[in-house]
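Engineer: Mind looking at a prediction? Sequence and model below.
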Amino acid sequence: MSNDILVLAEHDGQAVSDITFELLGAARRLASGSGGQVAVALVGGAGLTGTLGAASTVYVVDGTSGAIYSPEVFEKAFLGVLKEADPRLVLTGTSTMGIDVAGALSVAWPAPVVSYVVGLEAEGTELVATSQIYGGKLMAEVAIGGPHAICAVIAGSFPADAGRSDGTPEVREVAVAGLDSARTTPRGVHEPDTSGVDIAAAEVLVSVGRGIGGKENLEVVQELADALGAPLAASRPITDQGWLPKPQQVGKSGKKVKPRAYLAFGISGAPEHLEGMRDAELIIACNTDPNAPIFDVAHYGTTADLFDLAPELAEKLGS
Amino acid sequence: MVLRIAIGGAVVLIGLALGGARLWWLARLIRSGSPAPGRTKGALRRSWAELAEVLGQRKLLRRRQSGIPHALTFWGFIILLFTVIEAFGDVFSSKRFAIPGIGHSPVLGFLEDLFAVVVLLAVISFVVIRLVDSPARRERRSRFYGSHTGAAWVTLTLIALVMITLLGYRAAQTNTGDFPYGSWAFASHAIGGWLAPLGRGTNSVIETTLLLCNVAVIMGFLVFVTYSKHLHIFLAPMNVGLSRRPRALGALEVTDGGSGARTIEQLSWKHLLDFATCTECGRCQAACPAWNTNKPLSPKLLVMGLRDHLFTSAPRLLAAGHGASRGSALTSSNGASSAEGKVVGQSRGSSDAPAAPALVPDVISPDVIWACTTCGACVEQCPVDIEHVDTIVDIRRGLVNDGKMEASVQQVLENIAQQGNSFGKSGRMRARWVRELGFPVKDARKEPVRYLWFVGDFASFDERILELSRTLAHVLHDADVDFGLLYEGERNAGNDVRRIGEEGLFEMLVEHNMSTLNGAQFESIFTTDPHSLNTLRNEYPAYGLDKPVLHYSQLLQELLESTAITVKPLGTRVTYHDPCYLARHNRITEAPRKVLHALGCELVEMPRHGLNTFCCGAGGGRIWMSDDPALGERPSENRIREAVALGVDTFVVACPKDFAMYSDAVKTTGHEPDLRVVDLVELVATALETATLAAVSGS
Amino acid sequence: MRILVLMRQLPDLVEELEISSEGTDIDRELVKFVMNEFDDQALEEALLLKESSGAEVVVVALDEPDVDQALYTAIAKGADRAVKLTGVSNERWMSTHERAAILAPYVEESAADLVLTGVQAADDLDGQLAGVLAGLLGLPHAAVVVGVELKDSTVLVTQELGGGRSVDEEIDLPAVLGLQAARQAPRYAPISKIRQVTQAGGIEEVAAHTPPEASATAISLRRLYVPERSGHAEMLEGTPGEVAERIAEILRSRGLVKG
Ligand SMILES: Cc1cc2nc3c(=O)[nH]c(=O)nc-3n(C[C@H](O)[C@H](O)[C@H](O)COP(=O)(O)OP(=O)(O)OC[C@H]3O[C@@H](n4cnc5c(N)ncnc54)[C@H](O)[C@@H]3O)c2cc1C
Ligand code: SF4
Ligand code: SF4
């Protein structure tokens, strides 16, 4: 039994995804305590090893059709790496890839799998994973004692910066048989449709309410949204007036959203609005009224004037 | 003479044949509808309705301008029936025909002449009304928008012709010596005076010609009536006699277990009779909140559309024979019909009969059916007692049973089915608001109470309204009222669920609430919500509820009158919005006004108040549907503008949904600074505080 | 063509969840159970496939609290058959691996062409059903599926990859899919129809196979606890500049700031 930690990398052919760096950072922290090595399994995307300096070894599996994802091919390729690397712990995200491969690998390898992980700590020789279940209503503490385990980690649980470092890890090619005889044939990737804004799919939302005063003022929040790469969302009065299109409305008669961060500017927090956004992971509210109900659901709040705050924040984030 | 009898006889026979055939056809068509039970029960009430509504023209007279001429025309025609009989007598028997038993009383002669003139004047006022409120000019704002105005003009012309020929032949008779009436028949003699110089011979020709013309016009009118909207002359008395009494408001009619109407054959015969009876007068349309805020629904156009569809479907309906059973016609769209165990076209004679078009969307667009707030303004207004809301909800039932509805409505129904409340919150949280009261509230399931407070979803779960619920609780507590709640045993009462058309869910809710109510001890119920009040009061009795159901405004009135609570006058100028489900559906308009009076408020009424109140737009499940802002203002915004025009600064409501709707509407209309939306109980609480303060400072 | 829809019950998350005295499970006494929302999506997709291709839809569930209600609802919506696997204790949390082990033999015997289930469930702490089940059966699979189209012997699947990207792939049948969303929102089953169906009965009860012990894949749950939650926002004080700085920091620390 090794003490090594293997991170299953995700990428889109051009770049390695944030979640992979988050996992690498966590892996480094755990490995430094247990004395194991950190490795990465990379399927396709052979040109990306240079960004994976946080790992000491990168196992590269090729012979697949480039960057296109396929659950079956990735799962077989990862299994090939697992057999070769024999790590103690495998880390993946609770992303599509993570959901696809974690369960199947746990049967094939075999190893227990822990899902929805938001925390990982070493306790002597044991590892303890903390998971968020029942939609975040409860936390579960799971002990990882055996020789093998897989953890699927929720994105944003660990800082990505800790896993980001350029370098020249050892690259090991792993040949896996039978990848081309798969029963799953990729047929193409759809890139995001940028024509209309899909607020339900956005990671971060900058949302405006009646506090904005008029359509012409939207510019200030638009600049902030651009700085964050986030679309604008709104409370009903804003879409009612036609200041923003109806599909961008959040709430009872609009969309339910669950972004990783929701920045509310000049929104009072009427029940109809809260219904659509209270499940956001992080809510930051700006409202001049200290008693506005939005502060009951927000994690952070400020009574600053939105016209002062939004430009400042845009500037701070832009630089 | 022989010629006259021949021509007259031919005209009458042709007229009777044409008119009779049409009426026979109509009768068969209407009888092809589904059963509508209980339509003849309560003969006394029905006779009274005939007297008040038909003879007394009660509803028509509410709208003076057109009501008075209509009533005069109606009464005129009754009097003029005598002239018709006389005219027929004159044609077929001796010229001096007299109605047996009445003879040629001068009073009759006077009345006949009087009403001939009065009806002519009425026709002139109709012409003026139609020109002023012309749909060509006023478009949607005209109540005749979409009506068959051509037919109306023909009718007015025919009525005028009946009168002109009548007066003409009677005038000529004064010169030929055939006229049986003396100088009391003032108009005939006056016109006769002008005709006298033409000589006896000419007058005799005029007499015969106009007499025949009169009979011909009457017969023509008769035939025209049976083929046009003026059918109401025959059908209105029937429709009024067969309508729900005292009115088609309050409880909904549910026929055939609530399976709903997907095709015209599944609508009840009474509703088919409704369609045929509609006079296209547009009174319903003018009052409808949906139509007035640019929604696609007009109750009049809906009824007319269904009538046209009924008539074009006649070959199919008559071929099938009557009473095609409901639920047998269409497979539901989601392919689940097998589960219903119903067979397509089961009751049809031949298998190759044409398929019935779906009422929605083939005949009516779904937007029309879903735009209705079930406010009942149309039913209240309709002079011939058409039952729009029952028809609309029956069509909705068909849609809901096929799973066709807006996503937001589906979500709410699922919430209510799962959690028992529209908010989708845990049912156990229902009485959470009580915790912050600072005093315990009795659990009526565990100990007897005088009043059971049925709080309702909005007053239990909506953050803004919880405060109002607490205020009411404080007021009652301070007045030593013995009240209690059902706590988590209460579920949505189901009023809106039923009006959305989810009859099964409604029944489930009633069963649950009734089992809780049966386990509780109380003397009477009061509700915060007029919608809950409506179903508890009018629909739950069918499931065994036998306790009085009050609105909190009535309870407040009692407390103020019995001096259980004493207040200091507020002196505020306010206006009051009557909730549709309180005022129109349940006739409770006085209690809140008496409360306002007791509080020393000066009440300034909005033009639309009391039974004529204008809907806030929330009823019938509309509060859960999205409205397209492109269509223009919402009913609630329209209402706020009406109130602002009065120059008052306080808008009093007595319904939690109204509070939510109007608090929103003052903001969206930009009237937040100048109009305050308050609940009746807030005013009471303020007046109480004032009284307490006065008492404190006075001591 | 036979489509199996695997459904399961979950505690209604609208309710407060309490932790049992042992500390490793929720208190099941007070909880209300409802169908997993993603299984509802799987059912909807199956019904849409039935409508377009005439496939037979069979819903399958373990015997869990209030499962009959969910199965009858499925029939009311148009499922052809409903199967309840009985004889398994339903009074405790059950891992995904246990569920998969019970379901696998049934799925194998049923000769299904396509197996649909929800992408996840709120308590599948040890992985998601589609992947684990497919692993046991050796079948191809895909999760986070948002599009399904049946071909002769394959199924065309769209998987969402996040950030608005998605991928299409053609998978040989039989296959197991974890549905994120059906092509349209799950349909409504009117209560009167559910009641009618319930009265008619028609749930097939099948004795479940006892699963083999699979210690190699079992997790050891130490405890459950309620996360601390602030009832009110933490208020950021200071000048707009200072507040902006703090917010920027918070966003950065969560990796929400690009570049
Ligand atoms: C049936 C129904 C359905 C509804 N559906 C929805 C829905 O889907 N979505 C929705 O959003 N609403 C919905 N509403 C409307 C909802 O009730 C509220 O009216 C609405 O959400 C209020 O929007 P708001 O917070 O932008 O405006 P307001 O409530 O007017 O709040 C504006 C806020 O901005 C603050 N403010 C003002 N100036 C500044 C400034 N310079 N800087 C910072 N803060 C400032 C004020 O303090 C205030 O709190 C619905 C209402 C009903 C009745
Ligand atoms: S009930 Fe009200 S909304 Fe519905 S048609 Fe009649 S007037 Fe219009
Ligand atoms: S339904 Fe009644 S009120 Fe409406 S147009 Fe017809 S007769 Fe007039």
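Structural biologist: The structure has been received and is ready for your questions. Ligands and ions are numbered 1, 2, ... in the order given.

Engineer: where does chain C dip in pLDDT?
Structural biologist: Scanning chain C for pLDDT under 70 picks out C:162-164, C:229-231, C:258-259.

Engineer: Spit out the contact partners of the residue nearest the centre of it.
Structural biologist: Centroid check for chain C by CA atoms, centre = their mean gives residue C:118 as the closest residue, at 3.3 Å. The contact partners of residue C:118, by CB atoms under 8 Å, 6 or more residues apart in numbering or on different chains, come to C:7, C:8, C:36, C:37, C:38, C:39, C:40, C:41, C:42, C:129, C:178, C:179. Glycine gets a C-beta too; all of them are placed from N, C-alpha and C.

Engineer: do the same with residue C:165
Structural biologist: A:12, A:189, A:190, A:191, A:192.

Engineer: Could you report the neighbour count for residue A:214?
Structural biologist: 9 (other CB atoms under 10 Å in any protein chain shown).

Engineer: Kindly apply the preceding question to residue C:146 instead.
Structural biologist: 17.

Engineer: looking at this, it is in a strand?
Structural biologist: Yes - using DSSP: H, G, I helix; E, B strand; the rest coil, the secondary structure at residue C:146 is a strand.

Engineer: Pretty sure it sits against residue C:180.
Structural biologist: Yes - applying CB atoms under 8 Å as the test, residue C:146 and residue C:180 come out as touching, 5.3 Å apart.

Engineer: Between these two, which contacts overlap?
Structural biologist: Common neighbours of residue C:146 and residue C:180, using CB under 8 Å, 6+ apart, are residue C:160.

Engineer: residue in chain C nearest to ligand 3?
Structural biologist: residue C:190 (29.4 Å; CB to the nearest ligand atom).

Engineer: Flag every buried residue along stretch A:162-176.
Structural biologist: Counting neighbours by 16 or more other CB atoms under 10 Å in any protein chain shown, one finds that the buried residues in stretch A:162-176 are A:162, A:163, A:164, A:165, A:169, A:174, A:176.

Engineer: repeat for stretch C:155-175
Structural biologist: C:155, C:157-162, C:166-169, C:171-175.

Engineer: Dump that stretch to PDB, keeping only the CA atoms.
Structural biologist: The C-alpha coordinates for stretch C:155-175 follow below in PDB (Å, rounded to 0.1, in the frame of the first residue of the first chain):
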ATOM      1  CA  VAL C 155     -28.800   5.500 -28.000                       C
ATOM      2  CA  LEU C 156     -27.600   9.000 -28.800                       C
ATOM      3  CA  VAL C 157     -26.900  10.800 -25.600                       C
ATOM      4  CA  THR C 158     -26.100  14.400 -24.700                       C
ATOM      5  CA  GLN C 159     -24.100  14.900 -21.600                       C
ATOM      6  CA  GLU C 160     -23.600  18.300 -19.900                       C
ATOM      7  CA  LEU C 161     -20.000  19.100 -19.100                       C
ATOM      8  CA  GLY C 162     -20.600  22.300 -17.200                       C
ATOM      9  CA  GLY C 163     -19.900  25.900 -18.200                       C
ATOM     10  CA  GLY C 164     -22.400  25.500 -21.000                       C
ATOM     11  CA  ARG C 165     -20.400  22.800 -22.800                       C
ATOM     12  CA  SER C 166     -22.000  19.500 -23.700                       C
ATOM     13  CA  VAL C 167     -20.900  16.400 -25.600                       C
ATOM     14  CA  ASP C 168     -22.900  14.000 -27.800                       C
ATOM     15  CA  GLU C 169     -22.100  10.400 -28.000                       C
ATOM     16  CA  GLU C 170     -23.600   7.200 -29.400                       C
ATOM     17  CA  ILE C 171     -23.700   4.300 -26.900                       C
ATOM     18  CA  ASP C 172     -24.400   0.700 -27.700                       C
ATOM     19  CA  LEU C 173     -27.500  -0.800 -26.000                       C
ATOM     20  CA  PRO C 174     -28.000  -1.900 -23.300                       C
ATOM     21  CA  ALA C 175     -26.700   1.100 -21.400                       C
END
